[in-house]
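Engineer: build me a structure from this.
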Amino acid sequence: MFSMLFGILAMVLINSWSVTFCTIVMLVFISMLSFNQYFSNIVNYVFLYNNVSSLLIFLSILLVGLCFISTPENKKSRYMMCLLSLLFILVIVFSVNNVLLFYIFFEASLIPTLLLIISWGYQPERLQAGSYMMLYTVCASLPLLMVLLYWSYNEGSFMMCLSTLTTNYESVSFFVYLAFLVKLPMYTCHLWLPKAHVEASLAGSMILAGILLKLGGYGLIQMNCIFNISGNKSTFLIIIMSLSIWGGLLASLMCLRQVDMKAFIAYSSIGHMALVIIGILNDQVWGILSSIITMYAHGLCSSAMFCVAYYSYLKVRSRSLMHMKGLLQVYPMLSFFWFFLCSINMAVPPTLNLLGEMFVIPSLWSLSILFIFVMGLMIFFSGVYNMFLYTNINHGVHSKYILYSVPMNSSQYMSLIMHMFPMILFLKLELFF
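Structural biologist: Model prediction:
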């Protein structure tokens, strides 16, 4: 862990693209050491380190490296500094054992993200998108700070692993979960996400969808360990879980009405995160396992979809589905990646997305048979909107707006392939337990 943090700090100080890229490759392999159970037990005495945190740290380092590969033309020092500082913050958030430091770095992750949206966004509306994101997330997080300070006062310590639960915190469960439900986001708290995705640059969208949404899921898991609120199945939690799964269904339906590709992928993310919320809050082994798998798989898949959407935008100079037809006839390899990623997003076997959806079914069954019905509709409409997206972009008479002289380069191929390669973890599912 210390080697990762020192490596990231060294990259910030050296500020060279080639050195940064080589160091990130080394950090990816170092982070894979944490998959070894003996290594995790050693660092547990210093950090709160488990399978969830090790997977998310690996995902963070990998996706930041893929951001450099996806945008090789952008080698400005300010851009590199922003991405590396965000990576440093994320590694600390996913490994720290102190609730106060967890909250500080949880909020600090918003600053580099805001800079990615405002500084490298494309349209004037990016200022409004950044304001929405800050208002939603910061306002929802302030009550959490009060609860954490009250908890640390009662426990006499800021350490997560020393929680003794001498006080009942069920009355403040709304304030405990609100910050993370907005971060995921849960439907009704989601308006900031499509705006942020539409206005963000490629790296901003990749980081936001791939890692920052997972901060909400990781926070829910940690708060469950500290406060153990979800074990009681209160009326509040039943309402939140019902709202989440119905909101996921509504988000899936809203995908069918989107014209902008990035807004389409953003609403698809809201539908997938609904399964993460209900899996964690139900507080059963199958549900939590489903949430971990879904977070990891969605982080890779959604980031890759934003990549391929950006590469398609370069071919048409528009994100509108109205202007993007017949891509298969002109750029068949790009269409292949669209087919592959849409298939993964709709959870075809044997992908991790399918395992995440399958494992949440026993957890839903224990709540209500109605949840299984809504889950079935979500799976059905997930297939519908992914097939709609693929056919609308790649089939039909090719659009007159397509540019014929913009071939894909090697860095773009490498970025998409490296997104798909880590998905073979379905062959080693014990990493998620």
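Engineer: tell me both backbone torsions, phi and psi, for G396.
Structural biologist: As for G396, its main-chain torsions (degrees, to the nearest 10) stand at phi 90, psi -180.
Engineer: model confidence score at it, please.
Structural biologist: pLDDT, G396: 82.
Engineer: state the distance from it to S252.
Structural biologist: Between G396 and S252 the computed distance is 24 Å (CB to CB, to the nearest Å). Heads up, the C-betas are built off the backbone N, CA and C, glycines and all.
Engineer: comparing those two, which residue is more hemmed in?
Structural biologist: When G396 is set against S252 and neighbours are counted by other CB atoms under 10 Å, the residue ahead is S252, at 25 against 14.
Engineer: residue contacts, the more buried one?
Structural biologist: For S252, the set of contacting residues under the criterion of CB atoms under 8 Å, 6 or more residues apart in numbering consists of 267-268, 271, 377-378, 381-382, 385.
Engineer: in ChimeraX, how would I select the buried members of those residues?
Structural biologist: Buried members of the contacts of S252, defined by 16 or more other CB atoms under 10 Å, are picked up in ChimeraX with:
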select :267,268,271,378,381,382,385
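Engineer: the contacts of S252 in helices, which ones?
Structural biologist: Counting by DSSP state H, the part of these found in helices is 267-268, 271, 377-378, 381-382, 385.
Engineer: quick one, what contacts L208?
Structural biologist: Under the criterion of CB under 8 Å, 6+ apart, the neighbours of L208 are 113, 193, 196-197, 200.
Engineer: and which of the residues you listed is nearest to I211?
Structural biologist: Taking CB to CB as the measure, I211 lies nearest T113 of those, at 9.7 Å.
Engineer: can I get the CA coordinates of the helix or strand containing that closest one in PDB?
Structural biologist: Under the criterion of DSSP states H and E, T113 resides in helix 110-120. Coordinates of each C-alpha in helix 110-120 appear next as PDB, following Å, rounded to 0.1, in the frame of the first residue of the first chain:
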ATOM      1  CA  LEU A 110     -15.000  15.800  -6.000                       C
ATOM      2  CA  ILE A 111     -12.400  18.500  -6.600                       C
ATOM      3  CA  PRO A 112     -10.400  16.800  -9.300                       C
ATOM      4  CA  THR A 113     -13.600  15.500 -10.800                       C
ATOM      5  CA  LEU A 114     -15.000  19.000 -10.900                       C
ATOM      6  CA  LEU A 115     -11.800  20.200 -12.600                       C
ATOM      7  CA  LEU A 116     -12.100  17.400 -15.200                       C
ATOM      8  CA  ILE A 117     -15.600  18.500 -16.100                       C
ATOM      9  CA  ILE A 118     -15.100  22.300 -16.000                       C
ATOM     10  CA  SER A 119     -11.600  22.500 -17.500                       C
ATOM     11  CA  TRP A 120     -11.800  19.800 -20.200                       C
END
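Engineer: where does the stretch 51-200 of the chain have low pLDDT?
Structural biologist: Low-confidence segments of the stretch 51-200 of the chain, defined by pLDDT under 70: 75, 161-169.
Engineer: could you redo the last one with a cut-off of 80?
Structural biologist: Low-confidence regions of the stretch 51-200 of the chain, defined by pLDDT under 80, span residues 72-77, 122, 155-172.
Engineer: so what secondary structure elements neighbour the lengthiest helix in the chain?
Structural biologist: As far as residue count goes, and with DSSP H defining each element, the longest helix of the chain is helix 285-316. Based on contacts counted as 3 or more CB pairs under 8 Å, 6 or more residues apart in numbering; DSSP states H and E, the elements that helix 285-316 packs against are helix 51-70, helix 202-207, helix 213-227, helix 261-281, helix 327-330, helix 332-345, helix 352-365, helix 410-420.
Engineer: so which of those helices is nearest T294?
Structural biologist: When those are ranked by proximity to T294, the top entry is helix 352-365, at 3.6 Å, counting by CB to CB.
Engineer: buried residues of that closest one, list them for me.
Structural biologist: Buried residues in helix 352-365, counting neighbours by 16+ other CB under 10 Å, are found at 352-357, 359-361, 363-364.
Engineer: stretch 118-126 now?
Structural biologist: If you call a residue buried by 16+ other CB under 10 Å, then stretch 118-126 has these buried ones: 118, 120-121, 126.
Engineer: and if you look at stretch 285-304?
Structural biologist: By neighbour count, with 16+ other CB under 10 Å as the criterion, the buried positions of stretch 285-304 are 286-304.
Engineer: go on, stretch 393-403?
Structural biologist: If you call a residue buried by 16+ other CB under 10 Å, then stretch 393-403 has these buried ones: 393-394, 398-399, 402.
Engineer: measure it end to end?
Structural biologist: End-to-end distance of stretch 393-403: 14 Å, with CA to CA, to the nearest Å as the criterion.
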